[in-house]
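1. Task: produce atomic coordinates for the following.
(one chain, ligands or ions: 2)
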Amino acid sequence: MSELEDSLKLPVLDLSQPHEPSFLPSSSLLKACQEWGFFYVTNHGIPQNLFTKIREFSDHVFRLCSDTKLKLGPSSCLKTYTPRFIASPYFESLRVSGPDFFASSKASIDELFGQGKPEFSEMLQEYGTGMMKLSKRIIQIILKSLGDGYEKKFSDSEFGNCHGYMRISNYRPPDDIEENEAEGLGMHTDMSCITIVFQDELGGLQMRSKDGKWLDIHPCENSLVVNIGDLMQAWSNGRLRSSEHRVVLRRFRNRFSLAFFWCFEDQKVIVAPDEIVGTGNPRIYSPFVCLKYIKFRESNEVGNFEKIGYTVKDFAGLKV
Ligand SMILES: O=C(O)CCC(=O)C(=O)O
Ligand SMILES: [Fe+2]
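-> Ligands and ions are numbered 1, 2, ... in the order given. This next block holds a predicted model:
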């Protein structure tokens, strides 16, 4: 364990208690969300073998996707697939959208394998449903840490129409990793309220501290990583920090990850409630429509995560 990691005492939210989680105190959770924008979650209720099964099937999917005969990419009907050399030379991914994760994945699978392979879609439906529930639970705990009674006040009124989608990613490192490291996915923030990440045993996920140091996020058995995303940073008037993260590849094996993005509905106007801003504090974001921000990001980051520089601050930040 590095000195930094040791001193940080990585925050873990333990959901083993059904009603009142026995996690770290609210104040530590809030501190983690403010300082870093992430924490681990354990006893999350997603069966371990579901990750294993999805991973196995994904291997087949990516093998088929990378078959050049299929000529997948922006011009193909399989719009859910992002081939390598878009976000990075080593990264490819498949997107599966809710609320009907079965139908969304089936459309992609049918195109790749032909009809009659429902197993993968069934797994993703189970995963997506579990992740939706988990996201709601986590947001309630975050709201509670922001203020007494806030989970009751805001979880339905503000987060009741949130939706989710997942990104299944396959990282194929170069044959000759120079200096033992290659960048699998450049630094970025997520355009979500929260993102829940499963990474395989190779690790490689890194978080950036406010002063620019990179911290390795080691995979821990039975735990997932929760990132605060840009939408939550804006909604909380900057009280929660959107995590800056990236993926580094250090081994010659493929790396698998599964990220679940829980987001506000497209038409929602994101504006921090007065209580969240607090009396006497300035508002640091002007209200904005969620979809407009997503479009802004998409039009700016084509093919280049590293040079994002276009975050929610650039889009809606007020000069205070
Ligand atoms: O692969 C990972 O561990 C993280 C992926 C990620 O940050 C993303 O898809 O936004
Ligand atoms: Fe991310």
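2. Report the distance from whichever strand or helix holds residue 55 to the chain centre.
-> Per DSSP states H and E: residue 55 is located in helix 48-65. Relative to the chain's own centre, helix 48-65 is displaced by 19 Å; criterion: C-alpha atoms, centre = their mean, to the nearest Å.
3. and if you look at stretch 142-156?
-> Taking the mean of its C-alpha atoms, stretch 142-156 sits 22 Å from the chain's own mean (C-alpha atoms, centre = their mean).
4. Output stretch 224-232 as CSV, restricted to C-alpha atoms.
-> In CSV, the C-alpha atoms belonging to stretch 224-232 read as follows (Å, rounded to 0.1, in the frame of the first residue of the first chain):
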residue,chain,number,x,y,z
LEU,A,224,-17.2,-1.9,-6.4
VAL,A,225,-16.0,1.6,-6.9
VAL,A,226,-18.5,4.5,-6.9
ASN,A,227,-17.6,7.7,-8.7
ILE,A,228,-19.4,11.0,-8.3
GLY,A,229,-20.2,12.3,-11.7
ASP,A,230,-20.5,15.8,-13.2
LEU,A,231,-24.3,16.0,-12.8
MET,A,232,-24.0,15.5,-9.1
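5. pLDDT on it, on average?
-> The average pLDDT for stretch 224-232 rounds to 97.
6. all numbers from here: first residue = 56
-> Understood, numbering begins at 56; the last thing we discussed is stretch 279-287.
7. The closest residue to ligand 1 within the stretch 256-375 of the chain in helix, strand or coil?
-> Using C-beta to the nearest ligand atom, the single residue of the stretch 256-375 of the chain nearest to ligand 1 is residue 312, 3.2 Å away. In short, each C-beta sits where N, CA and C put it, glycine included. Using DSSP: H, G, I helix; E, B strand; the rest coil, the secondary structure recorded for residue 312 is strand.
8. my guess is it contacts residue 224, does it?
-> Yes - Residue 312 lies in contact with residue 224 (C-beta atoms under 8 Å); the separation is 4.8 Å.
9. tell me which residues in the helix holding residue 110 are buried?
-> Neighbour-count burial for helix 103-120, counted by 16 or more other C-beta atoms under 10 Å, picks out 105-106, 108-110, 112-113, 116-117, 119-120.
10. One more: stretch 85-99?
-> Buried-residue list, stretch 85-99, by 16+ other C-beta under 10 Å: 85, 87-88, 91-96, 98-99.
11. and of those, the nearest to residue 373?
-> residue 92 (20.5 Å; C-beta to C-beta).
12. Could I get the pLDDT score of the closest one?
-> Per-residue confidence (pLDDT) for residue 92: 96.
13. Would you mind measuring from it to residue 107?
-> Counting by C-beta to C-beta, to the nearest Å, the gap from residue 92 to residue 107 is 28 Å.
14. which ones are touching the nearest residue to residue 343 once chain neighbours are set aside?
-> Leaving aside its chain neighbours, residue 343 sits nearest to residue 371 (4.6 Å; criterion: C-beta to C-beta, 6 or more residues apart in numbering). Applying C-beta atoms under 8 Å, 6 or more residues apart in numbering to residue 371 gives the contacts 289, 325, 340-343, 348.
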